[in-house]
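Q: Predicted coordinates and the sequence they were generated for:
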Amino acid sequence: MKRILVVATRQIGDVLLTTPLIRAAKARWPDARIDVLGFAGTLGMLRGNPDISELIEAPGRLGWSGTVSLVRRLWRRYDLALVTQPGDRAHLMAWVAGRQRSGIIPEHGGSNWWKRALLAHSVQSAGDRGQVHVVVEKLALLAPWVEAMAVKPPLAVPPGAPLPPDIQGALRPGCVVVQAPSMWAYKQWPLPHFRELAAQLLARGVQVALTGSAAARDQECVAALLDLGNPPQLLNAAGRLDFNQLVTLFNQAALYIGPDTSVSHLAAGCGVPTLAIFGPTNPMRWAPWTGDSGAPVHWLRSTPSQTVGNVTVLQGSQPCVPCGRAGCDDHRQSRSDCLVSITPARVLEEALRILGG
């Protein structure tokens with residue numbers, strides 16, 4: 001294989017979780033050129049990755065002229081295309097680009113018949129109620145060419161970049177990074193819970209650094225915590241750091257606390273102790289990846305607290321956890337009672353345990 005295309009047409013966190021696959025492909029074919037195709041705005045965590053030659057960004061809505069342009073650019077350019085999502089469009093892009101194709105298909109899907117016909121190798125996904133971590137599922141795309149690996153590759157995080165001078169100058173040893181915002185409401189640990197947690201950490205003399213994007217929703221979430229303290233005890237870095245600078249921040253932190261979001265995956269990949277607060281999401285599939293822990297990665301489907309490597313996942317104790325749905329009402333703006341039930345006291349207790357008391 002001289003030219004390989006990885007098709008990763010999902011969100012930022014999903015794209016980051018393709019990096020063990022990319023690393024394994026590069027180890028198998030060290031002289032190969034590996035490109036990644038994804039949607040515009042989702043490939044930022046791959047910039048600077050030494051295993052990748054080119055990032056190809058496609059708009060979310062191509063239109064007729066955009067489709068023709070992309071087909072001309074990709075047509076049979078690659079020896080192998082690896083389809084890391086089961087969606088129809090990803091498989092069609094891979095068919096356009098690759099002479100051979102290996103792809104993920106859903107366990108039950110009306111389009112599976114034509115996807116199997118286009119693939120040299122297929123990996124069946126049980127979806128969010130399955131028991132195979134998405135990283136392991138993606139690595140299975142290489143099964144015809146790579147022997148099974150007892151210890152899977154770690155995430156490849158972006159290279160670090162200098163922090164803004166005022167933030168770097170204010171950081172103290174033992175800093176705890178708190179990511180309050182989630183992209184979707186059904187993954188959001190309640191902001192009053194985050195307030196109580198941050199207040200308790202500050203009361204114990206712990207420096208807290210708040211992170212989040214510049215998006216309006218993230219800024220609203222962070223604004224709800226800003227009256228708890230002043231710099232340097234409470235640092236507001238939300239909207240000021242790119243992914244490379246977040247890596248630098250995590251490398252200087254003693255602990256990261258956050259919800260089921262892409263930033264939590266990035267923190268875990270940096271090796272910082274990571275405390276992830278999970279609701280409806282199945283950790284067997286989506287727990288932050290710890291492939292560098294030196295042992296096979298195994299998460300339980302449901303338990304109040306579990307730790308693998310540098311990552312600890314907290315869950316609610318309801319019998320429906322994890323449901324694999326978009327919250328109790330199964331839509332992105334839904335409530336999730338399992339998240340509400342995880343008290344600030346529980347998270348604080350786990351945080352202090354990780355910090356050594």
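A: Yep, that arrived. Numbering: from 1, shown residues only.
Q: Checking my notes, residue 101 in a strand, right?
A: Yes - Residue 101: assigned to a strand according to DSSP: H, G, I helix; E, B strand; the rest coil.
Q: so it touches residue 122, yeah?
A: No - using C-beta atoms under 8 Å, residue 101 is not in contact with residue 122; the gap is 9.2 Å. Quick note: C-beta positions are derived from backbone N, CA and C, even for glycine.
Q: Comparing these two, which shows the higher neighbour count?
A: Neighbour count, other C-beta atoms under 10 Å: between residue 101 and residue 122, residue 101 has more, with 23 against 19.
Q: hey, what's that one bridged with?
A: residue 81 (DSSP bridges).
Q: ok, and what's touching the helix-or-strand element of the chain with minimal mean pLDDT?
A: One helix or strand of the chain scores below all others by mean pLDDT, DSSP states H and E: helix 63-74, with a mean of 86. For helix 63-74, the external contacting residues (C-beta atoms under 8 Å, 6 or more residues apart in numbering) are 5, 37, 56, 58, 59, 62, 93, 96, 97.
Q: So which of these is the closest to residue 223?
A: residue 59 (31.6 Å; C-beta to C-beta).
Q: which residues touch the closest residue to the closest one other than its chain neighbours?
A: Computed as C-beta to C-beta, 6 or more residues apart in numbering, the closest residue to residue 59 that is not its neighbour in sequence is residue 40, at 5.5 Å. With contacts defined as C-beta under 8 Å, 6+ apart, the neighbours of residue 40 are 57, 58, 59, 60.
Q: Mind checking which of these are buried?
A: residue 58 (16 or more other C-beta atoms under 10 Å).
Q: For the contacts of residue 40, could you give me CSV that also reports pLDDT and distance to residue 239?
A: Shown next, in CSV, are these (pLDDT from 0 to 100; distance: C-beta to C-beta, whole Å):
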residue, pLDDT, distance to residue 239
57, 91, 22
58, 88, 27
59, 84, 24
60, 77, 23
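Q: will you turn the contacts of residue 40 into a markdown table that also has secondary structure and distance to residue 286?
A: As requested, the contacts of residue 40 are arranged in a markdown table below (DSSP: H, G, I helix; E, B strand; the rest coil; distance: C-beta to C-beta, whole Å):
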| residue | secondary structure | distance to residue 286 |
| --- | --- | --- |
| 57 | strand | 24 |
| 58 | strand | 25 |
| 59 | coil | 27 |
| 60 | coil | 22 |
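Q: pLDDT weak spots in the protein?
A: Applying pLDDT under 70 to the chain flags residues 291-296, 357.
Q: all strands of it, in order?
A: Assigned by DSSP state E, the chain shows strands spanning 3-7, 33-39, 54-58, 78-83, 98-106, 121-125, 176-179, 208-211, 234-236, 255-259, 274-277, 305-308, 311-314.
Q: buried ones in stretch 225-232?
A: Buried, per 16+ other C-beta under 10 Å, within stretch 225-232: 225, 228, 229.
Q: Between its first and last residues, how far does it reach?
A: Terminal residues of stretch 225-232 are spaced 14 Å apart (C-alpha to C-alpha, to the nearest Å).
Q: so what's residue 305 bridging to?
A: Beta-bridge partners of residue 305, as defined by DSSP bridges: residue 314.
Q: quick one on the thing from earlier: phi and psi next, for the residue nearest to residue 59.
A: phi -60, psi 130 (degrees, to the nearest 10).
Q: Could you measure from it over to residue 142?
A: Using C-beta to C-beta, to the nearest Å, residue 40 is found at 27 Å from residue 142.
Q: domains in the protein, as residue ranges please.
A: Taking automatic domain parsing as the reference, the chain has its domains at 3-142, 165-355.
Q: Out of these, which is closest to residue 155?
A: Among the domains of the chain, if distance is taken as C-beta to C-beta, the winner is domain 165-355, at 3.4 Å.
Q: which ones are touching residue 9?
A: For residue 9, counting by C-beta under 8 Å, 6+ apart, the contacting residues are 37, 38, 39, 58, 85, 87, 89, 90, 93.
Q: Pairing partners for the third one in the sheet, please.
A: The bridge-partner assignment for residue 39, based on DSSP bridges, gives residue 58.
Q: Would you confirm that it contacts residue 57?
A: Yes - contact criterion C-beta under 8 Å: residue 39 and residue 57 qualify, at 7.0 Å.
Q: residue furthest from the geometric center of the protein?
A: residue 65 (31.9 Å; C-alpha atoms, centre = their mean).
Q: any idea how far it is from residue 149?
A: Residue 65 is 43 Å from residue 149, by C-beta to C-beta.
Q: what's the burial count for residue 216?
A: Around residue 216 there are 8 residues (other C-beta under 10 Å).
Q: which residues does it contact?
A: By C-beta under 8 Å, 6+ apart, residue 216 has no neighbours at all.
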